[in-house]
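Participant: Mind looking at a prediction? Sequence and model below.
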Amino acid sequence: MVQPRRRFRAASGVVLAIAILTPVFAAAVGPAGPAADRIETELRRTDALIDRARDEVADARGGFAHERLRQATEVQRDAWIEFGRLAPDLRRVVKLTQQARRMALKAIEAAGIEHRALESVRILIDRAEARAEEVAATVRDSGGTLAVRLLEQAQQQLRRARQAWAANDPRAARLATLSLSLIERAERVAVGSGAATAAVQASIDRAEALLAEVDARLADAASDGDLTALRAEAGGLMARAREALRRGGERQALHLSLQARGIGLRLLGRLQRQPSEADLLPALEDLEALRSEIAPQIEASGSAEARGRLAQSGEQLEKARRLVTTGRTQEAVTALAAAEALLREAADAADVR
């Protein structure tokens, strides 16, 4: 189980902020002249709030909280500098330290939002772990290859989710959600409910997970119209895949999701992120399963062109597997794309839908 992080103390921080954001400054500078000792007390109370904000923001990943804390610290420093002058402008001191308090409070609030989000992801990961344990016996006893494969893939995504959570990686929530989805599908397949649909939906989910990683890398990359156009093409293919699956066209949906995943793999390569074995094996397995399913119909079609394309697709799949196992993943992407295209051409030539 994922261990809970440090408890967020936002409530006490807010109470402190409310307590010190009072009308005391109005009394500190009155008609009879400024009460310097009162202002110094308030400066020190602002220091206490900033110290609290520093503690809360320390492990925050987002830049907003850190930036507000930095601003609060700088403004409060200016307030102390003004207060230490021989003839300080005490009204300016009051204005500055009030501003510093507001910034510190915003930093605490932003850190609290992030910490609560991390806690919700931790709960999601724990839930996925518990569900994996619950369905493991059912999947094992079913003896179904697809169910076992789905559960293994779910556990792989779950391990990645735990690692991402520990590193404050925002992908943790997406990976945990994907894992839970695969676990539920593994259970449905194990009890004989919608195996074909579950397999295609799993392929769509994996394609979407890959494209989400592409999106994260595109956000950090320099603007490139070609890359953006390719990503849009993949998005269109995914929309068509989901619609095909909704209408009951599992095979078409699988073809479309595989095309989208192929684009995603190429994009990762162009974004200077070498696709891993974990990225490629699901695509390879999906293509192999699809080829095994439609090969008898293609062979029976009597089309020499279709049979030739089918044979070539098998050669490309074998080549892709060798390349993956030897770590030549970028070359494997090319082989997978060729296998998918050849298999699609074989099905078209044989009029297999």
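Facilitator: Done, it's in.
Participant: Next SSE downstream of the one helix or strand residue 180 maps to?
Facilitator: For residue 180, the host element (DSSP states H and E) is helix 171-190. Counting by DSSP H and E, the element after helix 171-190 in chain order, helix or strand, is helix 195-220.
Participant: what angle sits between that next one and helix 171-190?
Facilitator: Angle of helix 195-220 versus helix 171-190, following axes from the mean of the first three to the mean of the last three C-alpha atoms, to 10 degrees, is 170 degrees.
Participant: buried ones in helix 195-220?
Facilitator: Buried residues in helix 195-220, counting neighbours by 16 or more other C-beta atoms under 10 Å, are found at 195, 197-211, 213-214, 216, 218. For every residue, glycine as well, the C-beta is placed using N, CA and C.
Participant: per-residue confidence averaged over the helix holding residue 180?
Facilitator: Mean per-residue pLDDT for helix 171-190: 81.
Participant: how many neighbours does the residue lying closest to residue 79 once chain neighbours are set aside have?
Facilitator: Distances taken as C-beta to C-beta, 6 or more residues apart in numbering put residue 96 closest to residue 79, at 3.7 Å, once the chain neighbours are dropped. Neighbourhood size, residue 96 [other C-beta atoms under 10 Å]: 23.
Participant: Go ahead and list the helix or strand containing residue 96.
Facilitator: Counting by DSSP H and E, residue 96 is part of helix 90-142.
Participant: Report all helices and strands that that helix contacts.
Facilitator: Packing contacts for helix 90-142, counted by 3 or more C-beta pairs under 8 Å, 6 or more residues apart in numbering; DSSP states H and E, involve helix 10-20, helix 24-28, strand 29-30, helix 36-57, helix 63-83, helix 145-166, helix 171-190.
Participant: Would you tell me which one of those is buried the most?
Facilitator: Among the helices and strands packed on helix 90-142, ranked by average contacts under mean count of other C-beta atoms under 10 Å, first place goes to helix 171-190 (a mean of 23).
Participant: quick one: that helix to helix 145-166, angle?
Facilitator: Using the same axes, to 10 degrees: helix 171-190 against helix 145-166 is 160 degrees.
Participant: ok so, going back, which other helices and strands does the helix holding residue 180 contact?
Facilitator: Helix 171-190 packs on helix 90-142, helix 145-166, helix 195-220, going by 3+ C-beta pairs under 8 Å, 6+ apart.
Participant: next SSE after the last one?
Facilitator: Counting by DSSP H and E, the element after helix 195-220 in chain order, helix or strand, is helix 225-246.
Participant: The helix or strand just after that next one: how far from the chain's middle?
Facilitator: Later in the chain than helix 225-246, the nearest helix or strand by DSSP H and E is helix 250-270. Relative to its parent chain, helix 250-270 has a centroid offset of 19 Å by C-alpha atoms, centre = their mean, to the nearest Å.
Participant: Remind me what helix 250-270 packs against, helices and strands.
Facilitator: Packing contacts for helix 250-270, counted by 3+ C-beta pairs under 8 Å, 6+ apart, involve helix 195-220, helix 225-246, helix 277-300, helix 329-349.
Participant: burial measure for the nearest residue to residue 36 once chain neighbours are set aside, as a count.
Facilitator: Closest residue in space to residue 36, ignoring its immediate chain neighbours: residue 90 at 6.6 Å, by C-beta to C-beta, 6+ apart. Here the count is done by other C-beta under 10 Å, and residue 90 has 19 residues near it.
Participant: how far away is residue 90 from residue 81?
Facilitator: Per C-beta to C-beta, to the nearest Å, residue 90 is found 13 Å from residue 81.
Participant: what's the overlap in contacts for these two?
Facilitator: Shared contacts of residue 90 and residue 81 (C-beta atoms under 8 Å, 6 or more residues apart in numbering): none.
Participant: Extract the C-alpha trace of stretch 345-353 and format it as PDB.
Facilitator: What follows is stretch 345-353, C-alpha atoms only, in PDB (Å, rounded to 0.1, in the frame of the first residue of the first chain):
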ATOM      1  CA  GLU A 345      -4.300  -3.900 -47.000                       C
ATOM      2  CA  ALA A 346      -4.700  -7.700 -46.700                       C
ATOM      3  CA  ALA A 347      -8.100  -7.300 -45.100                       C
ATOM      4  CA  ASP A 348      -9.200  -4.800 -47.700                       C
ATOM      5  CA  ALA A 349      -8.000  -7.000 -50.600                       C
ATOM      6  CA  ALA A 350      -9.900 -10.000 -49.100                       C
ATOM      7  CA  ASP A 351     -13.000  -7.800 -48.400                       C
ATOM      8  CA  VAL A 352     -12.700  -8.800 -44.700                       C
ATOM      9  CA  ARG A 353     -14.400  -6.300 -42.400                       C
END
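Participant: Nothing else from me, thank you.
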